[in-house]
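Chemist: after the sequence you'll find the predicted model.
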Amino acid sequence: MNKMLRLISFIFLVGVALTAALSVSAGAPTPTPCPWGIFEMPLPGIDSPDICKFVEGDTPTITLIQSIVKFITAVIVAVGLISVIVGGFIYMTAGGSAERVGLAKTVIISALLGIVLALTSWLILNTISPKFTSDVKDLKELIPQ
């Protein structure tokens with residue numbers, strides 16, 4: 001019986017504490033939240049985690065495309081540079097083995113071709129529309145006055 005009385009008293013006290021906490025927080029004005037919420041992870045090139053601010057911005061689609069293009073180009077170039085380093089390491093440790101030297105040359109050439117392909121795709125996107133690759137929001141900013 002004593003344990004039951006303690007349990008009921010504990011539940012009562014927790015209920016009173018939660019009621020007090022909720023009544024105090026209910027008195028403070030809360031900002032209206034965005035119906036779509038916030039981004040769960042920060043996105044590169046996007047300043048605010050609030051989805052409403054992103055969608056209501058000047059050019060949300062262009063901003064998202066810019067971020068994706070920059071991120072993918074950076075990843076491809078970084079992986080290409082690491083592959084060149086790995087190919088150089090294989091070449092240095094080949095020890096005169098024709099197979100290892102051939103493998104190293106293949107890795108290095110493939111990595112360099114990947115980097116060239118990534119930068120060429122960026123150049124093509126920049127040629128089609130500079131909005132896709134730069135932070136310029138209006139084409140009038142590109143034309144000198």
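Modeler: Now that the structure is in, tell me what you want to look at. Numbering: from 1, shown residues only.
Chemist: how many neighbours does Asp50 have?
Modeler: 16 (other CB atoms under 10 Å). Backbone N, C-alpha and C define where each C-beta goes, glycine included.
Chemist: got it, and Ser67?
Modeler: 14.
Chemist: what helix or strand is it located in?
Modeler: helix 60-92 (DSSP states H and E).
Chemist: packing partners of that helix?
Modeler: helix 98-128 (3 or more CB pairs under 8 Å, 6 or more residues apart in numbering; DSSP states H and E).
Chemist: show me what the helix it packs on is packed against.
Modeler: helix 60-92.
Chemist: tell me how many other residues crowd Val116.
Modeler: 11.
Chemist: how far away is it from Val69?
Modeler: Counting by CB to CB, to the nearest Å, the gap from Val116 to Val69 is 17 Å.
Chemist: ok, Ile90 next?
Modeler: From Ile90 to Val69 the distance is 32 Å (CB to CB).
Chemist: just to revisit the earlier point, now the helix holding Ser67: buried residues?
Modeler: For helix 60-92, a neighbour-count test (16 or more other CB atoms under 10 Å) marks 62-63, 65-66, 69-70, 73, 76, 80, 83-84, 87, 90-91 as buried.
Chemist: between that helix and helix 98-128, how many degrees?
Modeler: Relative orientation of helix 60-92 versus helix 98-128 (axes from the mean of the first three to the mean of the last three CA atoms, to 10 degrees): 160 degrees.
Chemist: could you list the low-confidence segments of the chain?
Modeler: 1-10, 12-33, 36, 43-45, 55, 57-60, 135-145 (pLDDT under 70).
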